[in-house]
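Visitor: Just the structure for this:
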Amino acid sequence: MADGPTYLRIADLLREEIRAGRWKPGDRLPSHAELAEQMQVSITTARNAIQVLVTENLVYTATSRGTLVRNQEVLESVVTDHIRPNRPRAAHDIFEEIARAADREPSKEFSARMEPADPQVAQWLDIPVDSWVLARTVVQYLDNEPWSWEVSFYPRDLAEATGIDSPHDIAEGTTRRLADRGHGETAHRDTVVARPASAEEAAVLGVATGTVLLDHLRIGANHNRVTRATRHRSIAASNRLAYELGDEEGTAVIRRVLGGAYRPGIARP
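Guide: Now for the predicted structure:
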């Protein structure tokens, strides 16, 4: 190992082993105690070494599984796909479509609750502060690795009228459910910013506090009202957002120009 603090030298060694392929995506690294014993150092030194790799987004910590190697593949999400006219009907949502296209295994942790709208949510939905809204929260995983944290807010009356106030995930997605119940969205406004992760976001996504996230806010509406506000947070280094606007023929030309190897879900340089 090179010169420098012991924890950095251990981090250098593990980093090189990951890059050399000894540790592959999803592999479990030695625990802090195991690493300390192997390297004949204190557990604090071992923990600090692992934290360096967490900060570099090379590994993440899962409560029940230890420290795991992250997949370094960058996932591209075409965020206009859910409104494309020729999108096939299917019993799964756009997240699963993106995951399957990238040959990744999707899974989710879902929860829903009614809560009073804070000033920010009230502004997004054009309702009074403290009005009841439905908050549907989904933590999304690819191959059991934390990928994104999404919270969608709906006015209470609309949620109850369309049945999206269910305590369960809606397999086909709420966008389709709204449309099927006569409240299809006809307009969207997206805002995307890159910013450091808060401590709460870091805990959910398995990254270090301060890791750069993509914070994507989408507000949907029809001709009569705002239907929802969705906030989607993902790791910037692992994700890329793309928009495809225009007709299918023109979109096909652009995809061809990007390369014959174009593959939905996989970001190209």
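
Visitor: Report the separation between the residue lying closest to residue 205 once chain neighbours are set aside and residue 177.
Guide: Of all residues not flanking residue 205 in the chain, residue 146 sits nearest, at 4.7 Å (C-beta to C-beta, 6 or more residues apart in numbering). Placement of C-beta: from N, CA and C, glycine included. Computed with C-beta to C-beta, to the nearest Å, the distance linking residue 146 and residue 177 is 26 Å.

Visitor: if we can go back for a sec, what's the neighbour count on the residue nearest to residue 205?
Guide: Using other C-beta atoms under 10 Å, the number of residues around residue 146 comes to 22.

Visitor: and it, helix, strand or coil?
Guide: Under DSSP: H, G, I helix; E, B strand; the rest coil, residue 146 falls in the strand class.

Visitor: surely it meets residue 138?
Guide: No: using C-beta atoms under 8 Å as the test, residue 146 is too far from residue 138 to be in contact (11.8 Å).

Visitor: Using PDB, write out the CA atom coordinates for stretch 162-179.
Guide: The C-alpha trace of stretch 162-179 is given here as PDB (Å, rounded to 0.1, in the frame of the first residue of the first chain):
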ATOM      1  CA  THR A 162     -59.700   7.800  -8.500                       C
ATOM      2  CA  GLY A 163     -58.800   5.200  -6.000                       C
ATOM      3  CA  ILE A 164     -55.200   6.100  -5.700                       C
ATOM      4  CA  ASP A 165     -55.700   6.500  -1.900                       C
ATOM      5  CA  SER A 166     -55.100   2.800  -1.700                       C
ATOM      6  CA  PRO A 167     -52.500   1.700   0.900                       C
ATOM      7  CA  HIS A 168     -50.900  -0.500  -1.800                       C
ATOM      8  CA  ASP A 169     -48.700   0.200  -4.800                       C
ATOM      9  CA  ILE A 170     -50.600   0.600  -8.100                       C
ATOM     10  CA  ALA A 171     -48.900  -1.800 -10.500                       C
ATOM     11  CA  GLU A 172     -49.700   0.100 -13.700                       C
ATOM     12  CA  GLY A 173     -48.700   3.500 -12.100                       C
ATOM     13  CA  THR A 174     -50.800   6.400 -10.900                       C
ATOM     14  CA  THR A 175     -50.500   8.300 -14.200                       C
ATOM     15  CA  ARG A 176     -52.500   5.600 -16.000                       C
ATOM     16  CA  ARG A 177     -54.900   5.200 -13.100                       C
ATOM     17  CA  LEU A 178     -55.700   8.900 -13.200                       C
ATOM     18  CA  ALA A 179     -56.200   8.700 -17.000                       C
END
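
Visitor: quick thing: my sequence starts at 54, can you match it?
Guide: Will do, 54 is the new start, and the previous item becomes stretch 215-232.

Visitor: Tell me the buried residues in that stretch?
Guide: Buried residues in stretch 215-232, counted by 16 or more other C-beta atoms under 10 Å: 215, 217, 218, 223, 225, 226, 227, 228, 229, 230, 231, 232.

Visitor: contacting residues for the first one?
Guide: Applying C-beta atoms under 8 Å, 6 or more residues apart in numbering to residue 215 gives the contacts 230, 231, 234, 236.

Visitor: distance of it from residue 128?
Guide: Distance from residue 215 to residue 128, by C-beta to C-beta: 30 Å.

Visitor: cool, and the last one?
Guide: From residue 232 over to residue 128 the distance is 26 Å, taken as C-beta to C-beta.

Visitor: just the second one next, same as before
Guide: Distance of residue 217 to residue 128, computed by C-beta to C-beta: 26 Å.

Visitor: what do you get for residue 166?
Guide: Between residue 166 and residue 128 the distance is 29 Å, computed by C-beta to C-beta.

Visitor: Compare those two and say which is more crowded by neighbours.
Guide: When residue 166 and residue 128 are compared on other C-beta under 10 Å, the one with more neighbours turns out to be residue 128, at 22 against 11.
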